[in-house]
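Q: After the sequence you'll find the predicted model.
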Amino acid sequence: MRELSLHVLDLAQNSLTANASRLDILIAVDHKADTLSITLRDDGKGMAPEFLKNVTSPFTTTRTTRKVGLGIPMFKVNAELTGGSFDIESKVGVGTRMTAVFILSSIDRPPLGDMPATMVSLIVSNPKFHFHLEYTVDDQEPFAFDTEEIQAVLGPVPLDAPEVVSWIEGYIREGMDALHGGA
Amino acid sequence: MNVAELAKILDAKVLNPEADTAKEVKSGYVCDLLSWVMAKGAPGTAWITVMNHMNVIAVATLLDMACVILPENIDIGEETLSRATEEDIPVLCSGKTSYELAGLLFAQGIPNPVK
């Protein structure tokens, strides 16, 4: 993927397919360690050990329409191409957590991309789903965005109402920009 | 033109001759970003890339490509090659650069992939 946010958009679909009710998207920039890490954590149905063992192979997929699944394999290889790493853990009935660590200064690291637009796409297609985004830059107070908190404030107004959507995008953009992650 | 004929023109070695080299080459493409290739490649594409991991074979399989071509004598691991054979994707290797290989394909009148 040309941008890391596109991986997030793609992989979130896995959580939705796995009947998760909540997805945490944790992005951390650490200039001292020279890393950008992206963690996706859901409370979906999880994977059995046998499936998990092979999940980074592109020839492992739950799809029935075709036999190739490249979401996780591409995420892993992209992280490794920068000199970073990838790991995943999953438990049936509990959920799945995966983390890709990218080397921040690597010339092969794609830019983070447009996370506010990514969050908006996710929310618009799944307005009732609980998304939680956290963006951390070094030792600064993280920026957090949580659809359940916003929904509580909004009351009966749906999250995908046009004026809410445009507010959400601006809110996330401002919150992330304020931390100056440079990713 | 089929894959075996193309290999000759490119002065390339077929690393897994067990795979079907009689497949017709319908188009050519050069790109190393896999997600991009997923969007642009087509059945019958001869794909030139410096990437040599398992995901390359997966993309080629997904799109039912004619073959994968590795430039500059880039090697491919045993496991990846045997998967390519299993999926019937010929893997070619040449000492030429991607630029030279694409030039040769183009000179043969092989077009861009059409989705």
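A: Okay, I see it.

Q: Tell me the spacing between the residue nearest the centre of chain B and A:L36.
A: The residue lying closest to the centre of chain B (Cα atoms, centre = their mean) is B:V68, at 1.8 Å. The spacing between B:V68 and A:L36, counted by Cβ to Cβ, to the nearest Å, is 30 Å. For glycine as for every other residue, the C-beta is placed from the backbone atoms N, C-alpha and C.

Q: Just the terminal-to-terminal distance for stretch B:64-73.
A: 24 Å (Cα to Cα, to the nearest Å).

Q: residues in contact with that stretch?
A: Residues from elsewhere that reach stretch B:64-73 (Cβ atoms under 8 Å, 6 or more residues apart in numbering or on different chains): B:3, B:6, B:10, B:12, B:21, B:23-26, B:41-50, B:52, B:56-57, B:59-60, B:76, B:84, B:89-98, B:100-101.

Q: Same check on stretch A:137-151?
A: Contacts with stretch A:137-151, where a contact means Cβ under 8 Å, 6+ apart, come from A:28-32, A:119, A:123, A:129-136, A:159, A:164, A:168, A:171-172, A:175-176, A:178-181.

Q: Filter the residues you listed down to just the ones in helices.
A: Counting by DSSP state H, the contacts of stretch A:137-151 place A:119, A:123, A:164, A:168, A:171-172, A:175-176 in helices.

Q: filter the residues you listed to the buried ones?
A: For the ones in helices among the contacts of stretch A:137-151, a burial check counting by 16 or more other Cβ atoms under 10 Å in any protein chain shown picks out A:119, A:123, A:164, A:168, A:172, A:175-176.

Q: Farthest-apart pair in the residues you listed, please.
A: Across these, no pair lies farther apart than A:V164 and A:M176, at 18.5 Å, counting by Cβ to Cβ.

Q: can you pull the contacts of residue 82?
A: You didn't pick a chain, so chain A it is. By Cβ under 8 Å, 6+ apart, A:T82 lies in contact with A:102-103, A:106, A:108-109.

Q: that answer is for a different chain, and I need it for chain B
A: The neighbours of B:S82, taking Cβ under 8 Å, 6+ apart as the test, are B:N16.

Q: Would you check that B:K40 makes contact with B:L33?
A: No. Applying Cβ atoms under 8 Å, one finds B:K40 not in contact with B:L33, separated by 9.8 Å.

Q: Where does chain A get nearest to chain B, which residue?
A: Per Cβ to the nearest Cβ, A:P58 is where chain A lies closest to chain B, at 3.2 Å.

Q: Report how many residues lie close to that residue.
A: Using other Cβ atoms under 10 Å in any protein chain shown, the number of residues around A:P58 comes to 26.

Q: Run through who's touching the helix or strand of chain A with the lowest mean pLDDT.
A: Every helix and strand in chain A was compared by mean pLDDT, DSSP states H and E; the lowest is helix A:49-53, with a mean of 90. For helix A:49-53, the surrounding residues in contact (Cβ under 8 Å, 6+ apart) are A:60, A:88-90.

Q: Quick check: the farthest pair among the residues you listed?
A: The distance between the two most remote of those (Cβ to Cβ) is 16.0 Å, for A:T60 and A:E89.

Q: for chain A, what are the nearby residues on chain B?
A: B:33-36, B:38, B:53-55, B:57-59, B:61-62, B:83 (Cβ under 8 Å from any Cβ of the partner chain).
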